[in-house]
Structures are given as structure tokens and as C-alpha cells.
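J.: Here is a sequence with its predicted model. Questions after.
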Amino acid sequence: LSKTFRYMAANLSKVASRLSQHSIYGQRHLQFREVLGKFIDKNINPYVDEWEAQKHFPAHTLFKKLGLLGIFGVNKPAGYGGLGLDFSYSIAIAEELGRINCAAVPMAIAVQSDMATPALSMHGSDYLKREFLHATLDGDLVACLGVSEACAGSDVAAIRTTARWHGNDLIIDGSKQWITNGTQADWICLLANTNDKPSPYRNKSLICVPLNEPGVHRSNCIEKLGMHSSDTAEIYFNNVRVPSRNIIGEEGHGFVYQMLQFQDERLVAIAVLLEPMQKIIDMTIDYTRQRRVFDGTILDNQIVHYRLAELQTDIEAVRSLLYRAVMERLLGKDVTMLASMGKLKASRLARAVTDSCIQFWGGNGYDWNNLISRYHRDFRLFSIAGGCDEVMLRIISKRMNMIK
């Protein structure tokens, strides 16, 4: 399979020649999705119920298989284990990951491919790419991203974790919270304060920190409303020493790197939601068409089929917004506003889809083991993580010149 992906990568045409007015995908994108879809059907979906019940999935085993497939490095440099393709391929992969029967495993995969590694790929030294990036793209290492803290979630500038200089080393103290892959990760892309500059936007750096270093302690998996099969941890750093060469890019530029990276993360989040929302609509149409009540089916009721029509319309609107944003990004344009709009709309729509469809399923929808019920629990996170709805609204408001 990896050879198939690499052959396609070697025979790419220019971006402009394959974009159509209907989709950002060409034949090669669809081939990628078909290969990944078959992998999901064989290696992931048969085990999701078990992983959800255990509140754990085997990250190292699964990621190694995905690494052999080339999933983690589709838009990363070929010299470090990637395929060297453009960002639209990452979106195609993210959409297909949405076929997994939970949102937890796609999120964990996205952390590896689109959250912990982009800054390293774009700004890291050759040493860091060889030491951390290559093995992560191959699936030999599991990565996590360390930004959020107990008192600094949406307000990234407020993080308190420090990395003090000690000769050619950094001494790290602090903690990170809500860390996806945190109990299984081999290394963390850590945002920490590395200097005393007064600006909170120029005193932070991203640092590659192995999680087997002395002074690193992890909590047990945090109990959550949803995303059960994805492990989420608190990670504590007590006088953890790492070489200063582990800083990604320029010292003091970590905040900027992270903010730029957020835009791609948000586009990936939108893409991951498209397939499950469509699946829920299709499942609900099938169920309400055969479920009889009084003198007809549930689907015969105007309030039901009108609501499903509204939700389908909204899904297509989000899809179009996503594709437009991706096309503009490929052309080198700033997509901050479109990414924020899409993240806001997709996150709210995902909750609306599950809420409405659970209602139409009645008691069967309220069953804990119903797939829609699982998605209902999982989707709640999308309006919080990666930039909460209120932050998205603030960004949009700023871009509309309504606030400073």
C-alpha cells in the first residue's frame, strides 16, 4: 500500500490542472481515500466498540500500520519519510478518517499528522527531523501536542510552563492538560516560555521533549464525556532537562508557529466531521423510513423530512466552505477567517445533527450503544478543542473590523 501511495505521489500533475468547480479532489485523491477506506474497514472499525469499552486503543500498533501506509506524512517532506504532496491530500485523508465509527481515533491520528508535527516539518532543524519527525511519520513513535494548561486553554498566551536556560540545555517546569495521546506518546511538541520578553507572543518556543526523560510524570487517563477510546492525560514536568537544540525553529517564535498551525488543524477538524454527519443523516433516513407509528412512517412526518433536508443543506454548505478554504490555501492566501467560520459552523452543526437525529430515533437513539449516541458525546468536544466557538467568533469579528 505504501508503494501505491508513493507511486501516485511521484506522478502528480500540477495543482491547478486537477481542481474543478465541483471538488478539490482528483482521481489520485480518490485512490488515496479508497485505500484508506479499505484499511479502516479491516483494521479499525471491527475493533472500535472494544476500544471504546476499554477506553483505550493500541496507538503504537495502529500507528505503525498507518505509518507503513504513508498516512502521517502525505504533505511532509519526502526526505524525512513524507510523500511531499499538497495540503489537499491531508484533507482527503481527514475526510476518509471520518468513516471510523467514533471520533476519538480520528482525533488521535490527527494529533500525530496535523498537530504535533507540522511546525517540526516546516521549521525544525535537520537533526530534529531525523530524530523525531521521520520516526513519527513512519509510525515508530507516537507524538502529542502540549499547549493547553489548567489555566490556559483558549488563551494560549497565558501558558505558565517554563523552559529555563542552563548552559546549552533547557530545564522545563510546569504541566500540560487535556493532552490527546498523552498516556502513550513517546514525545511531546511542547509550548513553553523560554525568555523574559514582555510580549507573551515573543517569549515562547516549541520544543521536542522525549517523555521518558527523568522528571516527566503522567496522570492516568482523564475520564471524559466522550472520545472514550482516545487517551487524554495531564503531563507534569519537574526539572526536565533537554538540549536547547530541541527547540523547533527560532527561539521565541513558538507562539507564532502555533497560531499559524491552528488554521490547518481547524480545516482538518471540519473535514473529519463531514463523513460521520452524512452517515448519521443516512442512518436516520433509513430508520425513520421503516419505523412505523400511527398510520405511517416517522419519515412521512413533514417536520422530520424537512428537518433532515435542512441538515443536509447545512452539511453541503460546510463542505463547500471547506473546499473553498483549501483551494485558497493552496494558492497561498490567508484562510484564517474561512477556517474560523468553517470550524464554528461545522462544530455547531455536528451537535445539531446528532441532537435532531437522536430525537427521531426516540428511545433507540438514547441507547448508549447507538452509534449516533456515541457521536453525540464525541462531537461536543469540537466546539471546545482547537479553538472554542467563542474564540472563532472573536477571530471572525476582528476580521470584520468590528473589534480590535
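T.: All right, it came through fine. Predicted model, so just to flag it, every value in this text is computed and none were measured.

J.: Mind telling me what element Val391 is part of?
T.: Using DSSP states H and E, Val391 maps to helix 389-399.

J.: should've said Lys345
T.: Residue-wise, Lys345 maps onto helix 336-361 under DSSP H and E.

J.: Please apply the same query to Asn238.
T.: Going by DSSP H and E, Asn238 is part of strand 232-243.

J.: With Arg28 instead?
T.: helix 27-43.

J.: And the helix or strand that comes right after that helix, what's buried?
T.: Following helix 27-43 in sequence order, the next helix or strand is helix 48-54 (DSSP H and E). Within helix 48-54, the residues that count as buried by 16 or more other CB atoms under 10 Å are Val48, Trp51, Glu52. Every C-beta, even on glycine, is put in place using the N, C-alpha and C of the backbone.

J.: same question, stretch 61-76
T.: So stretch 61-76, judged by 16+ other CB under 10 Å, has buried residues 62-64, 66-67, 69-76.

J.: could you redo the residues you listed as CSV and give each row pLDDT?
T.: Below are these laid out as CSV (pLDDT from 0 to 100):
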residue, pLDDT
Leu62, 99
Phe63, 99
Lys64, 98
Leu66, 98
Gly67, 97
Leu69, 95
Gly70, 95
Ile71, 95
Phe72, 97
Gly73, 95
Val74, 96
Asn75, 96
Lys76, 97
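
J.: Pass me the low-pLDDT residue ranges in this structure, would you?
T.: Counting by pLDDT under 70, the ranges of the chain that qualify are 1-22.

J.: Quick check, central residue of it?
T.: Nearest residue to the geometric centre of the chain (CA atoms, centre = their mean): Ala110, 3.9 Å.

J.: so who does the closest residue in space to that residue that isn't next to it in sequence touch?
T.: In this structure, Ala110 finds its nearest non-sequential neighbour in Val268, 5.6 Å apart by CB to CB, 6 or more residues apart in numbering. Residues near Val268 by CB atoms under 8 Å, 6 or more residues apart in numbering: Ser90, Ile91, Ala94, Ala110, Asp114.

J.: try 10 Å this time
T.: When contacts are counted by CB atoms under 10 Å, 6 or more residues apart in numbering, Val268 touches 87, 90-91, 93-95, 97, 106-107, 110, 113-115, 322, 339, 343, 386.

J.: on that earlier part again, the helix holding Val391: how far from the chain's middle?
T.: Taking CA atoms, centre = their mean, to the nearest Å, the mean C-alpha location of helix 389-399 is offset from the chain mean by 20 Å.

J.: what helices or strands is the helix holding Arg28 leaning on?
T.: Counting contacts by 3 or more CB pairs under 10 Å, 6 or more residues apart in numbering; DSSP states H and E, helix 27-43 packs against helix 2-10, helix 15-18, helix 59-69, helix 87-97.

J.: Could I get the buried residue list for the host helix or strand of Ala269?
T.: Assigned by DSSP H and E, Ala269 belongs to helix 254-290. For helix 254-290, a neighbour-count test (16+ other CB under 10 Å) marks 254-258, 260-281, 284-285, 287-288 as buried.

J.: and it with helix 389-399, angle?
T.: Angle of helix 254-290 versus helix 389-399, following axes from the mean of the first three to the mean of the last three CA atoms, to 10 degrees, is 120 degrees.

J.: any idea how far helix 254-290 is from the chain center?
T.: Between the centre of helix 254-290 and the centre of its chain there are 9 Å (CA atoms, centre = their mean).

J.: Stretch 339-354 now?
T.: Relative to the chain's own centre, stretch 339-354 is displaced by 14 Å; criterion: CA atoms, centre = their mean.

J.: Can I get that stretch in CSV? Just the C-alpha atoms.
T.: Provided in CSV are the C-alpha atoms of stretch 339-354 (Å, rounded to 0.1, in the frame of the first residue of the first chain):
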residue,chain,number,x,y,z
ALA,A,339,-11.1,28.3,8.8
SER,A,340,-12.7,30.0,11.8
MET,A,341,-16.1,30.2,10.1
GLY,A,342,-15.9,26.6,9.0
LYS,A,343,-14.7,25.3,12.4
LEU,A,344,-17.6,27.3,14.1
LYS,A,345,-20.3,26.1,11.7
ALA,A,346,-19.1,22.5,11.5
SER,A,347,-18.8,22.1,15.3
ARG,A,348,-22.3,23.5,15.9
LEU,A,349,-23.8,21.6,13.0
ALA,A,350,-22.4,18.3,14.2
ARG,A,351,-24.2,18.8,17.5
ALA,A,352,-27.4,19.8,15.8
VAL,A,353,-27.3,16.7,13.5
THR,A,354,-26.9,14.3,16.4
